[in-house]
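**Student:** my questions are about this predicted structure, shown below with the sequence.
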Amino acid sequence: MTQSQDKNFASMERDGWADADTAQHYARFFAKAAEQCVPELVKQARIAPGAEVLDACCGHGIVAEGLVAAGARVTALDFSDAMLDLARARAPQATLVHGDATALPFETGQFSAVTNGFGMPHIPEPPKALAEARRVLRKGGRLSYSVWQGEGAQSAMAYVFEAIGEHGDPSVRMPPAPGPHDYCIPDIALPALEAAGFEDVEMHIVASEWQIADPDAPVDIFRNGTVRGAALLHAQPKRNAVAIRKSVVDKVLAEHGNSGPWTVPIPAVIVSATAI
């Protein structure tokens, strides 16, 4: 049985993001694309100066930093102490809280906006996180969250996970989990948001991207700076790992030219809604 099958999704995520090296690698490399999404995420939250805002799943603090710059009074929450250590340096004006986005330790109606930067794919039960976001929001408050764009998008994420699907050892599998792109798919996101008590849903695509010096860099970014990717890539036998890497290199060269550096897309969707 592979490492990715030894534990359930929730414990895999918690243990993976507790690792300081994973958190730091994510912040240093993967988050170069996530940073490009912060302005739209903050814009869609419609922050008023002095507003009380919760940044759930705050990670290393880039959204909290953007909210502070917009004039908000920010509380930032994450389940990873390793990420909170990074957020403390990135957004020192924010109040940092260790906690669970599906069981928020805050009063009903405490906030005028809730943001969530790429946290939804890491939550075992996303509808609970939406319900909790609605509970702590005032009527008319805004929820704004980001998810990496999925099916049909040209994306470094697709390059890596399609290579795993084609060349990976079939015995290396994820434990049962929500799809990584589910909550930017209208047929999934809209009913879930409506059920949680939201209306006026908007979706905006951000054409975020990575600048890479090596065509196999996406493999290492996912292998060293994520949890889902690491679970699937670290457990591969050597022959499969080599084939996965070659497939990603071939795709980068075919799509973005034979000579680097390369600009590789990894687009995101900003989903926002109003609390009823």
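**Tutor:** Looks like it came in fine.
**Student:** I'd like the average pLDDT over the helix or strand containing residue 84.
**Tutor:** Counting by DSSP states H and E, the element that carries residue 84 is helix 81-90. For helix 81-90, mean pLDDT is 98.
**Student:** let's check: the centremost residue of the protein is which one?
**Tutor:** With the centre of the chain defined as its mean C-alpha position, the nearest residue by Cα atoms, centre = their mean is residue 118, 2.3 Å away.
**Student:** isn't that one up against residue 34?
**Tutor:** Yes. Between residue 118 and residue 34 a contact is recorded at 5.9 Å, counting by Cβ atoms under 8 Å. Placement of C-beta: from N, CA and C, glycine included.
**Student:** now do the shared contacts for the two.
**Tutor:** Here residue 118 and residue 34 have 59, 146, 268 as joint contacts, going by Cβ atoms under 8 Å, 6 or more residues apart in numbering.
**Student:** dump those residues into JSON lines; add distance to residue 99, pLDDT and secondary structure as well.
**Tutor:** Shown next, in JSON lines, are the shared contacts of residue 118 and residue 34 (distance: Cβ to Cβ, whole Å; pLDDT from 0 to 100; DSSP: H, G, I helix; E, B strand; the rest coil):
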{"residue": "59", "distance to residue 99": "14", "pLDDT": "98", "secondary structure": "coil"}
{"residue": "146", "distance to residue 99": "20", "pLDDT": "98", "secondary structure": "strand"}
{"residue": "268", "distance to residue 99": "24", "pLDDT": "98", "secondary structure": "strand"}
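**Student:** among those residues, which one sits closest to residue 85?
**Tutor:** residue 59 (11.3 Å; Cβ to Cβ).
**Student:** where do the strands sit along the protein?
**Tutor:** Applying DSSP state E to the chain gives strands spanning 52-56, 73-78, 95-98, 111-117, 137-148, 198-206, 209-212, 262-265, 268-275.
**Student:** for residue 213, grab phi and psi.
**Tutor:** Note on residue 213: backbone dihedrals following degrees, to the nearest 10 are phi -90, psi -20.
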